[in-house]
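In: Dropping a prediction and its sequence here:
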Amino acid sequence: MPHAAIAALVDAFPLRAGGFIVTLYGDVVAPRGGGLWMGNVIEACAAVGVNESRVRTAVSRLVAAGRLEGLKDGRKSYYRLTNAGEIEFERAAERIYREPIAAPVRGWRIVLLPQGAQREALMEQLSACRFGFPQPGVAILPDRGDPLPDIAAPSFLAASDDDLTEVVRAAWPLEELHARIELFFSVFEPLEKAPPAPENALAARLMLVHAFREIALSDPRLPLEFLPANWRGPAARALFARLYLALSPAADAAIGKFQDQNGQLRLDAAAIASRMEALGGE
């Protein structure tokens, strides 16, 4: 059973085993390279109430999906990120740990989605690029000059002075995201005044990343005039950064006991320093 303080975080932000393992690899393993002993995966998940059976099932599914790959060494099993998994985590890390540069909106990218089986695959591709969907068959994204993958569908640009207010507000679940940001504040802000005990720091940091990850990856970074009143997206990122930095000394001490196939999980000092710098640490 998780510690009471951690259980309260899990109650507020329920998690799936696979999603939490993705968070574990993105936060702990990706900046350190190598893999992770299955025993450590089970241990980290147990701290947030995910039992061994669920962990093993989730890891098998991540392997089948091509995100993890396994290695046996005697009776021990280790799992590392695949090349595709590493690329996925690097892209997500840019949105989670680094303050985004909000370039001015130059216009709006609008894509007309095809009918049939192609639509679902294209919607998944566009969702990963933060497109919103104001109505069936239409996708929209603020044009800030960011590079995009090739899109196999008709698309065009609308000028920034076109009145697309209602279209834009209908494209993303902004009120739902706003409510999630407010929940993030209500659950994690108290940790600044009453931090968890050092032995619970890693579980707390993983829950912090897990909760903020969905916010960071869902935020379309719209101009202020399109957002709900009292939008606190930037403030949520600032809270995330402060708590992450505060929890990291004790969390990293716990990670120091984790193992990969070569022994103690190695520390990539440059990668860790880059992450801390991005969060505003020294």
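Out: Right, received. Where do you want to start?
In: Do you have the helices of the protein handy? List them.
Out: Secondary structure of the chain (DSSP state H): helices located at 4-12, 17-24, 38-46, 52-64, 83-97, 117-128, 165-171, 174-188, 190-193, 201-218, 233-255, 269-278.
In: Check which residues of the last one are buried.
Out: Going back to what we said before, that points to helix 269-278. Using 16 or more other Cβ atoms under 10 Å as the test for burial, helix 269-278 gives Arg275, Met276. In short, each C-beta sits where N, CA and C put it, glycine included.
In: helices or strands up against that helix?
Out: In this structure, helix 269-278 makes packing contacts with helix 83-97, helix 233-255, judged by 3 or more Cβ pairs under 8 Å, 6 or more residues apart in numbering; DSSP states H and E.
In: With the third one instead?
Out: With contacts defined as 3+ Cβ pairs under 8 Å, 6+ apart, helix 38-46 has these neighbours: helix 17-24, helix 52-64, strand 76-81, helix 201-218.
In: which residues sit against stretch 43-58?
Out: If you take Cβ atoms under 8 Å, 6 or more residues apart in numbering as the criterion, stretch 43-58 is touched by 1-3, 6-7, 9-10, 15-18, 20-21, 24, 28, 38, 41-42, 200, 202-203, 206-207.
In: mind redoing it with 6 Å?
Out: Pro2, Ile6, Val10, Ala17, Gly18, Ile21, Leu24, Ile42, Ala203 (Cβ atoms under 6 Å, 6 or more residues apart in numbering).
In: what's the answer for stretch 266-276, then?
Out: Pro31, Arg32, Gly33, Tyr97.
In: chain center to stretch 172-183, what's the gap?
Out: Chain-centre distance of stretch 172-183: 16 Å, with Cα atoms, centre = their mean, to the nearest Å.
In: which other residues reach it?
Out: Gly132, Ile215, Ser218, Pro220, Pro228, Arg232, Ala236.
In: what mean pLDDT does it have?
Out: Here stretch 172-183 scores 94 as its mean pLDDT.
In: What are the buried residues along it?
Out: Those would be Trp172, Leu174, Leu177, His178, Arg180, Ile181, for stretch 172-183 by 16+ other Cβ under 10 Å.
In: what about the nearest residue to Arg242 once chain neighbours are set aside, distance to Ala246?
Out: What sits nearest to Arg242 in space, not counting adjacent residues and going by Cβ to Cβ, 6 or more residues apart in numbering, is Glu192, at 6.8 Å. The gap separating Glu192 from Ala246 is 7 Å, by Cβ to Cβ, to the nearest Å.
In: coming back round to it: just the helices and strands packed on helix 269-278: most buried one?
Out: Sort the helices and strands packed on helix 269-278 by mean neighbour count, taking mean count of other Cβ atoms under 10 Å, and helix 233-255 sits at the top with a mean of 18.
In: Which neighbouring elements make contact with it?
Out: Helices and strands touching helix 233-255, by 3 or more Cβ pairs under 6 Å, 6 or more residues apart in numbering; DSSP states H and E, are helix 201-218.
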